[in-house]
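1. Make a model of this:
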Amino acid sequence: MMYPSTIVTNNNIGNTATAPPPTTPSRYENQKRRDWNTFCQYLRNHRPPLSLSTCSGAHVLEFLRYLDQFGKTKVHNQTCPFFGLSNPPGPCPCPLRQAWGSLDALIGRLRAAYEEHGGVPERNPFGARAVRVFLREVKEFQARARGVSYEKKRKRDKQNGVALPSAQPPATLADATAESK
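-> Okay, the predicted model is just below:
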């Protein structure tokens, strides 16, 4: 007895159009959705509850301060003997906080989600000046507390992954004549 190697079925009789396969959201889109749902839940639990239309930069700052309690980054207080050390030699009682990079990325995702949910870009509370100032202050304080400077990353050569030298200022005519003597 011989069995066919493939079985052909025609379950879509009469259907000529096929639906595209469902696409799975990217990691970024999933995170943005979770962040948006968390913020909306925060607004619902706020006393008194807030609607998105009444939300301001001040409420976003409250939300960021609320999230600070769930942080995992040790940020030394100015009175701590390890303040300014990137690798402290021992434990200290300083609090764990949200890292600046995490807060910055969160605000970026929430800014995008706000507009995707019908918010007007000009009234986006996540782009408020107070939020930008807060993020800058957190960045600067955490840099001082850890003894780390947040400098812009240097461009890397794509072929061999080596950091490119910084651009030299253009030579002047006086420099060129001095070298020739």
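2. measure H76 to S102 for me?
-> According to CB to CB, to the nearest Å, H76 stands 18 Å off from S102. Glycine gets a C-beta too; all of them are placed from N, C-alpha and C.
3. These two - which one has more neighbours?
-> Counting neighbours by other CB atoms under 10 Å for H76 and for S102 shows that H76 has the greater number, 22 against 14.
4. List phi and psi for that one.
-> Here is the backbone geometry of H76 (degrees, to the nearest 10): phi -70, psi 140.
5. how close does it sit to S86?
-> H76 sits 10 Å away from S86, going by CB to CB.
6. between the two, what contacts are shared?
-> Residues touching both H76 and S86 (CB atoms under 8 Å, 6 or more residues apart in numbering) are R146.
7. Got phi/psi on L96?
-> Reported as degrees, to the nearest 10, the phi and psi values for L96 are phi -90, psi 140.
8. Let me see the contact set for the closest residue to it other than its chain neighbours.
-> The shortest distance from L96 to any non-neighbouring residue, by CB to CB, 6 or more residues apart in numbering, is to G71 (4.9 Å). When contacts are counted by CB under 8 Å, 6+ apart, G71 touches P95, L96, R97, Q98, A99, S102.
9. And K32, by the same measure?
-> Contacts for K32 were tallied using CB under 8 Å, 6+ apart; they are R109, L110, A112, A113.
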